[in-house]
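**Q** My questions concern the predicted model and sequence given below.
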Amino acid sequence: MTRFRSSRLVPYSLIVGGGIALSLALGRVEPGLIATPFLVVVVVAAVLSHSRVHLEVRVSVDRTKALEGDELEFAVQVTSRMGTVEAAFLLDPLPGVDVVDQPPTVLVAAGTTVSTRGRVRCRRWGIHKIGAGRIVARDIASTFVYQQAAESATAVKVYPRPERLRSLLRPHALRPRFGSLVSRAAGAGLEFADIREFQPGDQRRHINWKATARHRRIHVNLFHPEWSSDIVILLDTFSDVAGDEVSSLDLTVRAATSAAIACIGRRDRIGLLVVGREINWLLPGLGTRQLYQIVDSVMQTRLAFTYSWPSTDAIPKRVIPAGALVIALTPLIDRRMPAILGDLLSRGHDIAVVEISAPAVLPPPSNQREDLARRLWVLHREAQRHRLRQIGLAVSAWKPGQSFQMPLMELQRFRRTSRRVNG
Amino acid sequence: MCVVVVLTALLRASSALFTAALGALCLIAVIEILQGSIPALAAPLFGGALLGLAELSYWSFDLRMSVPQSSATIRRRAGVIASVVVVGAGTSALLLALLGLVGTLGI
């Protein structure tokens, strides 16, 4: 442990020295009498300077998984092997974690273990190592301060708080596997589609007896089957625009998690494609396990600054199956991203782009020059969005504070219209 | 004047300013006693009071810089300060009594 002298010992020693010196110089006892109480503290400090202190600290967190905004309780166990001290634990500041309650100072007698508790709030998603800090101890007269670093830290996974989505985008092509999306094709399902004359192979339970009686020929009911789809979430990690409270990457991660949960709930297969310094992917899959894999992968997403121009040739065909809908989440800042989107579109993939509104993330401009620059930037982005729409990409902006459902609804409307025009 | 400086130091949590004010207060007390404005018998009380003021002030600086303290540690620290002040003033008074005794006996 590192030992420091209390800041008051130097002035006390000066008062004692001055008092004695004045007494000797003037031949009067009064200066010495005034300094005597301070001398008592200096003598106590001299006696305590020979004592040794040895502490052991263990920090534990009540759980290792939490959601954004959750509060966690951590316990600090201080064991004194030598010396009686007053100990306080100071948690190291962590980005994304706020200290709500510092653990209060406790008195630890020699040979005993005392525990104290504090609380932290998980402000931002990510993997945070909570527990590293330093223990500050004082002897019984507070004449010496001891400091020791506490290295033991628990990794806590803080998941982004997902938004409950009422509906997700509907892909143009469905996968002929059971799901929640009503197909336009006729087949075995629950949704009524049409009535037609009986054909060999039709099931007897599908006979519509009223229509049969009216037409005097056997008629059967047709149904729309419920199928599922493949959805791939494409994350742009080329750039990040960070505001005072939130960054575009935070919004991207929240949107990806919300979309993944909605897809799994709809029994769709979901995959992940992260484009940045390198291209990483998770093959489309089903179920809760896939959801956890996606969320864990999304949480490890970091800004990847690079000058390289990744090629979509590196993406295996299995990552984006035929007919899959690609939901791209991008702040549309880096010029490589529109090129990648255009490339994927030219390969025949169904793509919807949710633009994370970078200007809305930033604080308002503080002067006229900034205001002008911001307006030019917004115009440039508008032009880029227009170019993407011209090549047939559905783009919708998502602003912080807005529900993620809104850009999805706008995209769905755009896709429906574009289908009507094309088809 | 010194009282104002002490109050300013406490409000600003300035340890250096307080140390200077404490030194000045000690010096004023010595001058007042030497001039005879205050009886010499009051010197131990003045010493104890100055130590009490210093201990409480440095404790307030500690409290502002570090973490919250539990009621047990606050009680213990207050007890330690009171003990130090009583023992310090008592030692000073004892010293004064011994010196008086020595003077009376003419040793």
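**A** Nice, thanks for sending it over. Residues are numbered from 1 along each chain as shown, chains lettered A, B, ... in the order given.

**Q** Name the SS class of the closest residue to residue A:207 other than its chain neighbours, please.
**A** Closest residue to residue A:207 apart from its sequence neighbours, by Cβ to Cβ, 6 or more residues apart in numbering or on different chains: residue A:220 at 5.4 Å. All C-beta spots, glycine's among them, are computed from the backbone N, C-alpha and C. For residue A:220, the assignment made with DSSP: H, G, I helix; E, B strand; the rest coil gives strand.

**Q** gap between residue A:220 and residue A:214?
**A** Distance of residue A:220 to residue A:214, computed by Cβ to Cβ, to the nearest Å: 14 Å.

**Q** Next: residue A:402.
**A** Using Cβ to Cβ, residue A:402 is found at 52 Å from residue A:214.

**Q** ok, those two, which is more surrounded?
**A** Taking other Cβ atoms under 10 Å in any protein chain shown, residue A:402 and residue A:214 do not tie; residue A:402 has more neighbours (13 against 10).

**Q** pLDDT weak spots in chain B?
**A** For chain B, the stretches with pLDDT under 70 are B:66, B:105-107.

**Q** Is the residue of it found nearest chain A part of a helix or strand, or is it coil?
**A** Closest residue of chain B to chain A, Cβ to the nearest Cβ: residue B:88 (2.6 Å). Under three-state DSSP, residue B:88 falls in the helix class.

**Q** Tell me which other helices or strands the strand or helix carrying residue B:4 touches.
**A** Assessed by DSSP states H and E, residue B:4 sits inside helix B:2-12. Under the contact criterion of 3 or more Cβ pairs under 8 Å, 6 or more residues apart in numbering or on different chains; DSSP states H and E, helix B:2-12 touches helix B:15-35, helix B:43-65.

**Q** let's go with 7 Å and repeat that
**A** Counting contacts by 3 or more Cβ pairs under 7 Å, 6 or more residues apart in numbering or on different chains; DSSP states H and E, helix B:2-12 packs against helix B:15-35.

**Q** What residues of the helix it packs on count as buried?
**A** By neighbour count on 16 or more other Cβ atoms under 10 Å in any protein chain shown, the buried set for helix B:15-35 is B:15, B:18, B:19, B:20, B:21, B:22, B:25, B:26, B:27, B:29, B:30, B:33.

**Q** So which of the residues you listed reach chain A?
**A** B:15, B:19, B:22, B:26, B:29, B:30, B:33 (Cβ under 7 Å from any Cβ of the partner chain).

**Q** The last one and residue B:45 touch, don't they?
**A** In this case it means residue B:33. No: Residue B:33 sits out of contact with residue B:45 when judged by Cβ atoms under 7 Å, with a separation of 10.9 Å.

**Q** who are the neighbours in contact with residue 33?
**A** As the question left the chain open, I've gone with chain A. Applying Cβ atoms under 7 Å, 6 or more residues apart in numbering or on different chains, we find residue A:33 in contact with B:43, B:44, B:47, B:92, B:95, B:96.

**Q** right idea, wrong chain: chain B
**A** A:30, B:40, B:43.

**Q** Number of residues surrounding the second one?
**A** Taking other Cβ under 10 Å as the neighbour definition, residue B:40 ends up with a count of 16.

**Q** The lengthiest strand in chain A packs against which elements?
**A** Longest strand in chain A by number of residues (criterion: DSSP state E): strand A:71-82. With contacts taken as 3+ Cβ pairs under 7 Å, 6+ apart, strand A:71-82 sits against strand A:54-61, strand A:106-108, strand A:113-122.

**Q** Any residues of chain B in contact with chain A? List them.
**A** B:15, B:19, B:22-23, B:26, B:29-30, B:33-34, B:40, B:43-44, B:46-48, B:50-51, B:54, B:58, B:66-70, B:72-73, B:76, B:80, B:84-85, B:87-89, B:91-92, B:95-96, B:99.

**Q** Now do the helix holding residue B:4 and helix B:43-65, the angle between them.
**A** Helix B:2-12 and helix B:43-65 are oriented at 20 degrees to each other (axes from the mean of the first three to the mean of the last three Cα atoms, to 10 degrees).

**Q** And helix B:2-12, what's buried?
**A** By neighbour count with 16+ other Cβ under 10 Å, helix B:2-12 contains the buried residues B:5, B:6, B:9, B:10.

**Q** The second one - nearest residue in space that isn't next to it in sequence?
**A** Beyond its immediate neighbours in the sequence, the residue positioned closest to residue B:6 (Cβ to Cβ, 6+ apart) is residue B:21, lying 4.6 Å away.

**Q** do the same with the first one
**A** Beyond its immediate neighbours in the sequence, the residue positioned closest to residue B:5 (Cβ to Cβ, 6+ apart) is residue B:21, lying 4.2 Å away.

**Q** wait, residue A:233 sits on residue A:327?
**A** Yes: here residue A:233 reaches residue A:327: they are 5.3 Å apart, a contact under Cβ under 7 Å.

**Q** Spit out the residues that contact the two alike.
**A** Listed contacts common to residue A:233 and residue A:327 are residue A:259; contacts here mean Cβ under 7 Å, 6+ apart.

**Q** If you tally nearby residues, what's the number for the nearest residue to residue A:278 once chain neighbours are set aside?
**A** Of all residues not flanking residue A:278 in the chain, residue A:310 sits nearest, at 6.8 Å (Cβ to Cβ, 6+ apart). The number of residues packed near residue A:310 is 18, by other Cβ under 10 Å.

**Q** For residue A:117, give its distance to residue B:75.
**A** Between residue A:117 and residue B:75 the computed distance is 20 Å (Cβ to Cβ).
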